[in-house]
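Visitor: A structural model of the following input is requested.
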Amino acid sequence: MGETVVISGVGPGLGAALARRFAVEGCQIALLARSGDYLDALVDELDAAPGTVLAVPVDVTDPAAVAAAFATVREAFGPVSVLVNNASDSARKGVRDISLAEFEHAWRVAAVGSLLCTKAVLPDMLDAERGTIIFTGATSSVRGREGAVGFSAAKFAVRGMAESMARELGPEGIHVAHVVIDGPIRDPTVTDAAVEGDPYQYLDPESIANSYWHLVEQEPDSWTLELDVQAHVETF
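Guide: Numbering: from 1, shown residues only. Presented below is the predicted three-dimensional model:
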């Protein structure tokens with residue numbers, strides 16, 4: 001039996017690609033997101049994969065809802081060994097236009113959601129003296145983006161959390177890694193026409209998912225703290 005994996009913030013881009021990759025490896029996977037209908041469709045898609053997939057609709061900013069979600073996961077699969085904090089939601093607005101509610105929402109989904117999910121899996125990982133926690137970052141994790149103050153602040157927070165947790169939890173056998181997604185991810189809404197003539201401007205979510213699996217497989221003596229995944233731009 002493979003790893004027991006929880007992925008928060010599952011959508012049609014990277015979240016779905018991660019679910020497919022972990023399913024191929026025979027993992028038991030819980031998919032967390034607010035959209036129950038989408039999760040059910042993805043579970044149906046992965047029905048023939050070697051892994052076992054469970055849809056768990058949840059608002060990751062709600063402590064009680066997160067606790068209930070992880071209770072459901074443990075009842076189905078047992079202790080969690082891998083957590084991917086992938087949830088993110090933000091209005092792409094600058095400081096003059098963003099409201100306090102929008103700014104706080106961005107922070108709560110990315111940072112508070114990651115904190116709640118991480119605290120939920122820690123007892124399992126500490127008991128086992130092993131585990132992997134991966135945070136999905138962005139270019140804005142290391143370089144603020146104009147016109148996206150809420151998103152940038154949230155991603156900076158996530159990066160700081162990952163670095164702090166890596167140093168705290170590494171000695172306990174828990175690998176914490178932060179992945180900088182340095183470029184737009186292609187999802188089903190991006191048409192071939194949109195990328196015609198410049199096929200390198202979008203990152204392939206399936207390729208990114210391979211990198212996440214590599215982090216899970218790493219030996220403790222070669223753990224990666226931060227991985228930068230970039231779109232390759234061909235120059236002439």
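Visitor: where in this protein is pLDDT low?
Guide: Within the chain, the ranges that satisfy pLDDT under 70 run 1, 187-200, 232-236.
Visitor: can you give me the helices for this structure?
Guide: Assigned by DSSP state H, the helices in the chain fall at 14-24, 36-45, 63-77, 100-107, 113-128, 149-169, 192-195, 205-217.
Visitor: out of those, which comes closest to Ala87?
Guide: Evaluated with Cβ to Cβ, those place helix 113-128 nearest to Ala87, the distance being 4.7 Å. C-beta coordinates here come from the backbone N, C-alpha and C atoms, glycine included.
Visitor: So which residue is smack in the middle of this structure?
Guide: Closest residue to the average C-alpha location of the chain: Asn86 at 2.1 Å, with Cα atoms, centre = their mean.
Visitor: Go ahead and confirm Ala17 touches Trp213.
Guide: No. In this structure, Ala17 is not within contact of Trp213 by Cβ atoms under 8 Å, at 10.6 Å.
Visitor: Which one's more surrounded, these two?
Guide: A count of neighbours by other Cβ atoms under 10 Å puts Ala17 above the other of Ala17 and Trp213, at 22 against 18.
Visitor: Chain neighbours aside, what residue packs nearest to that one?
Guide: Nearest non-adjacent residue to Ala17, counting by Cβ to Cβ, 6 or more residues apart in numbering: Pro205, 3.6 Å away.
Visitor: Tell me how many other residues surround that neighbour.
Guide: Pro205 has 21 neighbours, counted by other Cβ under 10 Å.
Visitor: same deal with Lys155?
Guide: Lys155: 30 surrounding residues under other Cβ under 10 Å.
Visitor: any idea how far it is from Ala166?
Guide: Separation of Lys155 from Ala166 (Cβ to Cβ, to the nearest Å): 17 Å.
Visitor: what's the answer for Ala41, then?
Guide: 35 Å.
Visitor: and those two? which has more neighbours close in?
Guide: More crowded of Ala41 and Ala166, by other Cβ under 10 Å: Ala166, with 20 against 14.
Visitor: That one is in contact with Leu225, isn't it?
Guide: Yes. Using Cβ under 8 Å, Ala166 makes contact with Leu225 at a distance of 5.3 Å.
Visitor: which residues are in contact with both of those two?
Guide: With contacts taken as Cβ atoms under 8 Å, 6 or more residues apart in numbering, the residues that reach both Ala166 and Leu225 are Val176, Ala177, His178.
Visitor: residues touching Asp7, list them.
Guide: Rather than Asp, residue 7 is Ile. Gly15, Leu18, Ala19, Phe22, Ile29, Ala30, Leu31, Leu32, Val84, Asn86.
Visitor: Run the angle between the lengthiest strand in the chain and helix 14-24 for me.
Guide: Looking across the chain with DSSP state E, the single longest strand is strand 174-182. Counting by axes from the mean of the first three to the mean of the last three Cα atoms, to 10 degrees, strand 174-182 points 130 degrees away from the direction of helix 14-24.
Visitor: Strand 174-182: which residues count as buried?
Guide: Using 16 or more other Cβ atoms under 10 Å as the test for burial, strand 174-182 gives Ile174, His175, Val176, Ala177, His178, Val179, Val180, Ile181, Asp182.
Visitor: Between helix 149-169 and that strand, find me the angle.
Guide: For strand 174-182 against helix 149-169, the angle by the same axes, to 10 degrees is 150 degrees.
Visitor: Alright, I will stop here.
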